[in-house]
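Peer 1: the amino acid sequence is not available; the structure is as follows:
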């Protein structure tokens, strides 16, 4: 997709092309899962925390419930990689055109990256996430979201 189109707009275009219903919620700037959950008035468990990680080969996206803690040892085992690190702010901007805290839970076609989803996300009826902006969240049915990402996703367990 064109890098001139904002990530936020890419998500809107993609969801609308799939006729997926979502709630858009504007709020004050939030950069943490706790802040975002409070701004949305939703339980933190439905938050989809998206992490951009780099192993020896490539960048990967990992999505887990915002109430859970990422386990890098499990992720390294999934990727069969000894090295794994979080992308820095510059890499996040270059690859996704978002600030830290605004990375949405989408792989292809929004981002040309493999997507790993923890089971903790799929246990909820809804998923909420900052939609490419620190001031806008989307809330949607988890199954609807999963239908839009499942072709580029693997469901695995990588929480503590």
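Peer 2: Cool, the structure landed. Computed from a predicted structure; not experimentally measured.

Peer 1: any idea how far residue 59 is from residue 86?
Peer 2: Distance from residue 86 to residue 59, counting by CB to CB, to the nearest Å: 10 Å. C-beta: built from backbone N, CA, C; applies to glycine.

Peer 1: find residues that contact each of those two.
Peer 2: Common neighbours of residue 86 and residue 59, using CB atoms under 8 Å, 6 or more residues apart in numbering, are 52, 53.

Peer 1: neighbour count winner among these two?
Peer 2: Between residue 86 and residue 59, residue 59 has the larger neighbour count (other CB atoms under 10 Å), namely 18 against 13.

Peer 1: quick one, what contacts residue 48?
Peer 2: With contact taken as CB under 8 Å, 6+ apart, residue 48 is in contact with 63, 64, 65, 66, 104, 105, 121, 127, 128, 129, 145.

Peer 1: now the helix or strand where it lies: mean pLDDT?
Peer 2: In this structure, residue 48 sits in strand 48-55 according to DSSP states H and E. Averaged across strand 48-55, the pLDDT comes to 96.

Peer 1: so in this structure, which helix runs the longest?
Peer 2: If you go by DSSP state H, the chain has its longest helix at helix 7-17.

Peer 1: re earlier: residue 18: which of the contacts of residue 48 is nearest?
Peer 2: For those, the closest approach to residue 18 (CB to CB) belongs to residue 145, at 10.3 Å.

Peer 1: and the closest residue to the closest one other than its chain neighbours, how many neighbours?
Peer 2: Counting by CB to CB, 6 or more residues apart in numbering, residue 127 is the residue found nearest to residue 145 once chain neighbours are left out, at 5.0 Å. Residues lying near residue 127 (other CB under 10 Å) number 25.

Peer 1: show me the helices in the chain, by range?
Peer 2: Going by DSSP H, the chain shows helices at 7-17, 33-40, 72-79, 89-96, 119-122, 142-149.

Peer 1: for the spatially most central residue of the chain, give me its contacts.
Peer 2: In the chain, the residue lying closest to the centroid (CA atoms, centre = their mean) is residue 105, at 2.2 Å. Going by CB under 8 Å, 6+ apart, residue 105 touches 48, 50, 61, 63, 115, 117, 121, 127, 129, 145, 149.

Peer 1: that one and residue 116, how far apart?
Peer 2: Plainly put, residue 105 is 10 Å away from residue 116 if you go by CB to CB.

Peer 1: report back the residue of this protein that's furthest from centre.
Peer 2: What lies farthest from the middle of the chain is residue 82; by CA atoms, centre = their mean that is 23.4 Å.
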